Structures are given as structure tokens and as C-alpha cells.
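return a 3D structure for these sequence lines:
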Amino acid sequence: AAAGAAFGEADAGEADAAEDAEAAEVEAVTPAFVRREVRNLALPAVVGTLIEPLLSLIDTAWIGRGLGPICHGAIGPASEIFTLSVALMWAIKDSTATSVSRFLALDDRRGAVRYIELTVALAITLGVGLGIGLQLSSPAALALLGAPVSSPLHAPALQYVRIRACALPFVLFANAAEGAFRGFGDTRTPLLASSVAALINCVLDPLLMFAAPLGYGDLTLGFGWGIRGAAAATAMAQVAQAAVYAARLRARCSKLSVPLRVFEQFMRLRTVLDEGWQVLASNAVLLVRSVSILTFWVFCSALATRVGPASAAAHFTMINIWLIFVLSAEAPGVAAQVLSSRAVARGQKRYLAILVRQIFAIASCLGVFGACCLLSLKPLLVSFFTRDVEIAFILNSLVVPVAVSMPVVVLAVTGEALLVGAGLSAWVSSSALLVSAASSALVARCFLNKGGGSVLALWWIIQGMFVARLAAVLLRLPSMLALAGGRRGASRTEAAELPGASVE
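Residues are numbered from 1 along each chain as shown. Presented below is the predicted three-dimensional model:
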């Protein structure tokens, strides 16, 4: 008993010493130190997150200038189907990043790898199911998005969807793996995987889409598959991206001395589905957020498609341009989510306060810079993406509302990442659901009740949605700082309740 008491006092003394050391470390935190941590995570992430929308822009430019306005318009509703299909994994990706970060902050390596195994197995299973479902239901899905069988957009959009659906298991796996690497604090691997995909897509797009005569009889350079070639190039690039993630994820888990056993999970599929359901249930609030926002986007896209092929082409081209600038906020958002999760898990209130100020300063600068770039590049952007006069006119009218609201959009996206990392997902999701519902009602009133509406009015409503989301972030931001105080024990308890947590 005496020996046990002595060991207990020694453990308590070690714990107190660790807490004192941590407190001294936090007190030494400076804005320059926080900026350096944000920079180390954000700089690779900003390139990685921008590669994919740039890839979409390249596809759009090839199709718009080489295949005509019908294929240009068809790529919109076809792409929205895949956006909605992977919405589930966006929520799981965010949750995986936060959960893995907390496991590692509490030095539970086995729990982190176990959680990754579950999310990866779940992603592949969902990908197979969604791929089969899209092959069967894509005509009905396109009809809901404003491209029914009677529409000239339907046939090329259907070809695009059915080819890309074959790569859905790889796409969902890549999303889950990206969340794991964010949780590791590694943004270079997503950069590498996205770069490989971009390079392959850039090479394959013209090769598969067009056929140029070589001047030697019937020999041609390229396959001339048209929009089917664009879909095949994207699908092959996504398979290559998943291969990079698989190799790097296996190596990373080996460094943690905990082997990754995803295939063993499939040997007990029933358990994976049961525990996968727990993962989905634990991410219910983030799922609500993703689905509500993406449902609003899909509703807007369906209305733009119904206006006509030119409006659909202009709308989806502007989405791709807009994403280039908005996803520049994804980089500081990744850093914000990972670092705020660590700060709350460790009870570092001072660190969290400095992090909030630095993240918002960076986001403000990015927003202003994006607005200036968009306005200055306005003439070049329109001429680059289309030769059609009607599409160019609509695109030209959309630049100003998108540019004016850019700072607000970037601040809203980054602020939500901070709150999600700090464990305030419920607030983010409920406010996103409310704002999306109100915005959808306004769009319906504008387009359906009055029997008209324009893409310009649609984009003004979209920007208003982000103003409301930023207001929701600012309302909750002060209470976020209080969470860091005294949260270390609570965070350990919450991490232990997550699927895959290590009992040890």
C-alpha cells in the first residue's frame, strides 16, 4: 500500500510537472510562432486545394472552346451529380482530420490508425454502392438537375456521368485519406496526390477528346472521344490520385509503428458496416451541414440549367472560377481546423486566441486579393472560356457580384473551419441548415413564383448566403475561446468515445 501510494504521488508529480511545462510553453506562444505554424500547414495546402479547381477550369476551357455550347452546358449538371455524391465524404473528411488530430494530441496512435481504417473501409464501400447506383439512376438524376431526356444537354451529360461513376470508389477513398493526412498535420501529401492527378488530366484531356490528322493517310493524333474523353481523363487521374494516397498512407502508419489493415476490415464486413454507421452517426451534424449547403447549390444549378444552355454554361463556368479564389481560403482553413482542434484538446486558451486573430487576418488579405484579381482579369477570363457571344455576356455580368463578396466568402469559410476544429460542429451545421433553407426559399420565390429569374439574381442570393454564414460564425466566436480552458480531460474522454479509440 505504501509503495502504491508512493507511485501514485510520483505519477501525480509527473502530471503536475507536465502541466506546468505545457503552461510555460503556451505562455511563450507569440503571434509570430502561430503564423509560422499556420504557414507550414497552409502553404502546401493552398497549392493542393487549388490544383483540383484549376483542373476543372482546364476541362471547362477544353470543352467550351473545342466541343461547343451544348457540351459546355452539359458538363454542369453532370458535375453537380458528383459534387452531391461525395458530399457525404466531405463531412467525414473534416471529422477524420479533427479526430485523428485529437488522437495524436493525446498520444493514442493505435486509436488514430484504427479510426483511419474504419473511415477508409467505409469510403470504399460507399463508393462502390454510389457507383452502381449512378449507373442505374443517372437519367433520373440529370432530369432533376434540369437536363431531362428532351433536353439537348441530356445525351452528352449521361455519357459523362456513366464514365466518371466508375471512379467513385477511388474518389471517396482519396477524400478519406486526405482527411487522415490533415489530421497528421501533413499537407504535402495531398499536394503531391493532386499534382499527379492534374498532370495526368492535362495530358489526357486533349489526347482523348480530340483527333488531329497527322497527314499520313487516315492516321490521327488522339482518340476523338469528345465529352467521353474528358470524363475518361478525369476518371484516370482520380485513380492515380488514389494510388498515391494509398502508398503514402501505408508508409505513414508504418512510421507510427501501427500497421494499416484496411483489407482485414473487409473480411468482417458486417462489423465495418456497424462501426461505419457509428462513424456516420458521430458525424451527423457535419453531414447535415454538407448536405444542406450542397442541396442549395444543386437547386441553384438546376434552375440555371432550366433557363437555357447558355445560362447553364455561364453558371458552371463561374462556379469553377469562383472556386479558385474560395478554395484559397481552404488552405488557412485546413490549418485553422487542425490547430484549433489541438489547442482545445490541450486546453491552450492563449494559443487559440492568437490563432483566431492570425487566421482572420490572413483570410481578410486573401479575400481582398481575390477580389482585385477577379476584377482585373475580367476581360481575359471571359474570352478564355468561351467563343459564344451569349455565354460571354452572362459571364461578364457575374464578375462584379462575385468579386465584391469575395472577402466575406473567404472569412465565412475560414471561420467555420475554426469552429469545427474547436468542436462546435453543431452550431456550424444548424446555422448552415437554416441559412441554406432561407436562401433556397428566396431563390424559389425569385425563379418559380414569378416565372422568371436570371443567373445574375441567383448569384446575388448566393453571396447573401455567405453574409449570413459569416454572421453566424461571428456570433459564436467569443464562446469558442472559453472552450479551451479546462478542456484537456474532457477532450480525452470525448476521444475515447470515438469509434476506433484505443482502450489502453
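
mind listing the strands for this protein?
With DSSP state E, the ranges of strands along the chain come out as 212-213, 220-221.

how about the residue positioned nearest the centre of the chain, what does it touch?
In the chain, the centroid-proximal residue (Cα atoms, centre = their mean) is residue 90; its distance is 5.4 Å. By Cβ atoms under 8 Å, 6 or more residues apart in numbering, the contact list for residue 90 reads 175, 290. From N, CA and C alone the C-beta is placed, and that goes for glycine too.

would you mind measuring from it to residue 302?
To residue 302, residue 90 is 20 Å away according to Cβ to Cβ, to the nearest Å.

how many neighbours does residue 63 have?
27 (other Cβ atoms under 10 Å).

hang on, it packs against residue 72?
Yes: checked against Cβ atoms under 8 Å, the pair residue 63 and residue 72 is within contact range at 5.5 Å.

show me where the stretch 251-400 of the chain has helices.
262-266, 269-282, 284-307, 309-326, 330-346, 349-376, 378-385, 389-404 (DSSP state H, counting those that start in this stretch).

is it possible to get TSV of the ones you listed that adds distance to residue 170, mean neighbour count and mean pLDDT?
TSV is the format used below for the helices of the stretch 251-400 of the chain (distance: least, Cβ to Cβ, whole Å; neighbours: other Cβ atoms under 10 Å; pLDDT from 0 to 100):
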stretch	distance to residue 170	mean neighbour count	mean pLDDT
helix 262-266	14	15	60
helix 269-282	18	15	54
helix 284-307	20	21	75
helix 309-326	21	24	80
helix 330-346	21	26	77
helix 349-376	31	19	86
helix 378-385	28	16	76
helix 389-404	32	18	86
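
for residue 59, which of those is the nearest?
With Cβ to Cβ as the measure, helix 309-326 is the member of those nearest residue 59 (8.5 Å).

which residues touch residue 437?
residue 292.

now with 10 Å, please.
By Cβ atoms under 10 Å, 6 or more residues apart in numbering, the contact set of residue 437 is 292, 295-296.

residue 205 too?
Residue 205 neighbours (Cβ under 10 Å, 6+ apart): 55, 58-59, 61-63, 66, 229-230, 232-234, 237.

so which of these wins on neighbours?
residue 230 (31 neighbours).

please report how far that residue lies from residue 154.
Taking Cβ to Cβ, one finds residue 230 at 17 Å from residue 154.

please apply the same query to residue 365.
Distance of residue 365 to residue 154, given as Cβ to Cβ: 44 Å.

same deal with residue 469?
Residue 469 is 34 Å from residue 154, by Cβ to Cβ.

which one of these two is surrounded by more residues?
Neighbours were counted for residue 469 and for residue 154 using other Cβ under 10 Å; residue 469 has more, 25 against 19.

surely the more buried one touches residue 429?
No: applying Cβ atoms under 10 Å as the test, residue 469 and residue 429 come out as separate, 11.5 Å apart.

which residues are in contact with both of the two?
293, 416.

could you report the neighbour count for residue 166?
Residue 166: 16 neighbours (other Cβ under 10 Å).

look up the closest residue to it, ignoring the ones flanking it.
residue 235 (5.9 Å; Cβ to Cβ, 6 or more residues apart in numbering).

which residues touch residue 237?
Contacts of residue 237 (Cβ under 10 Å, 6+ apart): 52, 55, 167, 170, 194, 196-205.

restricted to helices, list those residues.
52, 55, 170, 194, 196-205 (DSSP state H).

what about residue 71, distance to residue 312?
Applying Cβ to Cβ to residue 71 and residue 312 gives a distance of 11 Å.

revised request: answer the last question for residue 357.
42 Å.

okay, now the unreliable bits of the stretch 101-250 of the chain?
Low-confidence segments of the stretch 101-250 of the chain (pLDDT under 70): 213-220.

can you give me the helices in it?
109-144, 154-164, 168-184, 188-209, 227-255.

out of those, indicate the one that is most buried.
helix 168-184 (a mean of 26; mean count of other Cβ atoms under 10 Å).

distance between that helix and the chain's centre?
Distance, stretch centre to chain centre, for helix 168-184: 10 Å (Cα atoms, centre = their mean, to the nearest Å).

over to stretch 184-191?
Distance, centroid of stretch 184-191 to centroid of chain: 14 Å (Cα atoms, centre = their mean).

measure that stretch end to end?
Its first and final residues considered, stretch 184-191 spans 14 Å by Cα to Cα, to the nearest Å.

from here on, call the first residue 9.
Got it, the first residue is 9 from now on, which makes the last one we talked about stretch 192-199.

buried ones in stretch 433-440, by neighbour count?
433, 435-437, 439-440 (16 or more other Cβ atoms under 10 Å).

thought residue 430 was touching residue 110, still the case?
No: applying Cβ under 10 Å as the test, residue 110 and residue 430 come out as separate, 11.2 Å apart.

what do these two both touch?
With Cβ under 10 Å, 6+ apart as the test, residue 110 and residue 430 both reach 349, 352-353.

among those residues, which one lies nearest to residue 325?
residue 349 (35.8 Å).
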